[in-house]
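Novice: Predicted coordinates and the sequence they were generated for:
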Amino acid sequence: MTVWRALLRVSAEQLPQSGHVALDSTFFERGHAPSYYLQRSDRDVQTLKVTTLTDTESLAVLDLQCSVEWKHDTKLGPQIVRRNAADLLSVAADKGFQDWMSTFEFYTLDADPLVLKRGSSLEIVGITH
């Protein structure tokens, strides 16, 4: 992962960064998992969870976290934001990243959390499709 993060950082530095980022998670299906992952997780890895931190202006991926153990977004989000806190002004994310601990940590890192609250919809906050 260290090599991937270094490559992402070098490529992201080629583009202007706004400091406003989006945090998102997705899953990737794996057909054949390497034996290294199988030994570490004590199970057959069929799916990887990937969480990315993307600049909203340049669309450059600034950081990523790959996991075979699916930690909840409220645990992964602050971890990724913490690694990049010096460069961030605001963090936009979906409801999966929202809990009071994550929001508090984003504020302590001087990054405004733009996280949709659980139980709300896009229409309530004034966003239209």
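Specialist: All right, it came through fine. Numbers count the residues shown, from 1 in each chain.
Novice: From now on I want contacts and neighbour counts done on CA atoms only, so please keep to that.
Specialist: Noted.
Novice: who's in contact with stretch 83-91?
Specialist: 19-23, 63, 106, 109-115 (CA atoms under 8 Å, 6 or more residues apart in numbering).
Novice: mind listing what's buried in that stretch?
Specialist: Neighbour-count burial for stretch 83-91 flags 85, 88-91 (criterion: 16 or more other CA atoms under 10 Å).
Novice: show me what contacts the residue nearest to Leu15 when sequence neighbours are not counted?
Specialist: Closest residue in space to Leu15, ignoring its immediate chain neighbours: Ser58 at 6.5 Å, by CA to CA, 6 or more residues apart in numbering. By CA under 8 Å, 6+ apart, Ser58 lies in contact with 15-18.
Novice: ok so, going back, just the buried ones from the contacts of stretch 83-91?
Specialist: Buried members of these, counted by 16+ other CA under 10 Å: 19-23, 63, 106, 109, 111-115.
Novice: so which helix or strand takes in Cys66?
Specialist: For Cys66, the enclosing helix or strand under DSSP states H and E is strand 61-67.
Novice: chain center to that strand: distance?
Specialist: Remark: strand 61-67 is offset 6 Å from the chain centroid, using CA atoms, centre = their mean, to the nearest Å.
Novice: This structure: strands as residue ranges?
Specialist: 20-29, 47-55, 61-67, 90-93, 112-115 (DSSP state E).
Novice: Distance to Met1 and pLDDT for the buried residues of stretch 83-91 - can I get that in a markdown table?
Specialist: Below are these laid out as a markdown table (distance: CA to CA, whole Å; pLDDT from 0 to 100):
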| residue | distance to Met1 | pLDDT |
| --- | --- | --- |
| Ala85 | 19 | 88 |
| Leu88 | 21 | 90 |
| Leu89 | 25 | 91 |
| Ser90 | 25 | 91 |
| Val91 | 22 | 89 |
